[in-house]
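Novice: Sharing a sequence plus its predicted fold:
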Amino acid sequence: MSPYPLLVLLPAFCIAELFSGTELLPYRYFFMALSALPVSLLYVAWSGHLIRAATILPRRSLALLAVVGIFNVWYAFESWPFGLKYQGLTHTLRVTAFGAAMLVVLIVLGIWARRAPSFAKNFAFHTLLFGWLAWGAFPFLGELP
């Protein structure tokens, strides 16, 4: 089951609201797929240095990881009771464990990429970071509308 990350779920809610009660309702799944577009565009905009095959991981990327990590941990603590109430203990534990594991992997990869720079590590760090943002960071734990 998907953790329904807020960075994808909120645009999906907005798109669903726009098309409710219109003739475009049969095409809503196509438009809902566009809800992942903001994170994808952010990845492209943020990772311009990868086009130049940069080997050094930018400090701003580590700062982004720190900010996202801190807010993700805070969000996990705040949404824990709602996850237990609406999704159950098993789902809440799995989603939280996945988030914690990804955070640890990204921290280790970020430190490794700064100490021994290479394009492969830089690319892997950014792809995992934005993949996590698009699929697992800030999981929606609560009642779906």
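Specialist: Arrived safely.
Novice: Residue 73 belongs to a strand?
Specialist: No: counting by DSSP: H, G, I helix; E, B strand; the rest coil, residue 73 falls outside a strand, being helix.
Novice: How much space separates the closest residue to it other than its chain neighbours from residue 71?
Specialist: Using C-beta to C-beta, 6 or more residues apart in numbering and skipping residues adjacent in sequence, the residue nearest residue 73 is residue 103, 7.6 Å away. From N, CA and C alone the C-beta is placed, and that goes for glycine too. Using C-beta to C-beta, to the nearest Å, we find residue 103 at a distance of 11 Å from residue 71.
Novice: And the host helix or strand of residue 77, what does it pack against?
Specialist: Here residue 77 sits within helix 59-86, counting by DSSP states H and E. Judged by 3 or more C-beta pairs under 8 Å, 6 or more residues apart in numbering; DSSP states H and E, helix 59-86 is in contact with helix 89-115, helix 119-135.
Novice: higher neighbour count, residue 103 and residue 71?
Specialist: Set residue 103 next to residue 71 and count neighbours by other C-beta atoms under 10 Å: residue 103 wins out with 20 against 12.
Novice: where does this structure dip in pLDDT?
Specialist: 1-2, 21-22, 24-26, 28, 145 (pLDDT under 70).
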